[in-house]
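Pasted the sequence and its predicted model underneath.
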Amino acid sequence: TEEQYCEMMESDEVKTMKKSHMEFRESLERELLNTMNEIARSRNVRLQILLLDV
């Protein structure tokens, strides 16, 4: 029933799983941003090298 579902979703176990899931997603987002920043820096360095060769 809906009441059982609500009780289950409010349980400590489900809250812990949700928190772990959010922390995992946040860590993936940070890793993705760091990787994107590294790629951007790498491209910027390569562009500077190309400009110096001209």
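The structure has been received and is ready for your questions.

drop to CA atoms for contacts and neighbour counts, all remaining ones
Fine.

and the gap between the closest residue to Met8 other than its chain neighbours and Glu7?
Once flanking residues are discounted, Met8 sits nearest to Val14: 7.1 Å by Cα to Cα, 6 or more residues apart in numbering. In this view, Val14 and Glu7 are 10 Å apart by Cα to Cα, to the nearest Å.

Repeat that for Arg25.
Arg25 sits 25 Å away from Glu7, going by Cα to Cα.

swap in Ile49?
61 Å.

which residues of the chain fall in helices?
Secondary structure of the chain by DSSP state H: the helices cover 2-9, 12-53.

Tell me the gap between the helix or strand of the chain with the lowest mean pLDDT and the middle of its chain.
Using mean pLDDT, DSSP states H and E, the weakest-scoring helix or strand in the chain turns out to be helix 2-9, at a mean of 86. From the chain centre to the centre of helix 2-9 is a distance of 29 Å (Cα atoms, centre = their mean, to the nearest Å).

And that helix, what does it pack against?
Helices and strands in packing contact with helix 2-9 are not found; criterion 3 or more Cα pairs under 8 Å, 6 or more residues apart in numbering; DSSP states H and E.

Show me what counts as buried in that helix.
For helix 2-9, burial by neighbour count (16 or more other Cα atoms under 10 Å) applies to no residue.

Glu29 - how many residues pack around it?
When counting by other Cα atoms under 10 Å, one arrives at 12 neighbours for Glu29.

residue ranges with poor pLDDT in the chain?
54 (pLDDT under 70).

spatially speaking, which residue is in the middle of it?
The centre of the chain sits closest to Glu29, judged by Cα atoms, centre = their mean, with a distance of 1.4 Å.

what's near enough to touch that residue?
Shown in contact with Glu29 (Cα atoms under 8 Å, 6 or more residues apart in numbering): no residues.

Give me the distance between it and Val14.
Glu29 sits 22 Å away from Val14, going by Cα to Cα.

likewise Ala40?
Taken as Cα to Cα, the span from Ala40 to Val14 is 39 Å.
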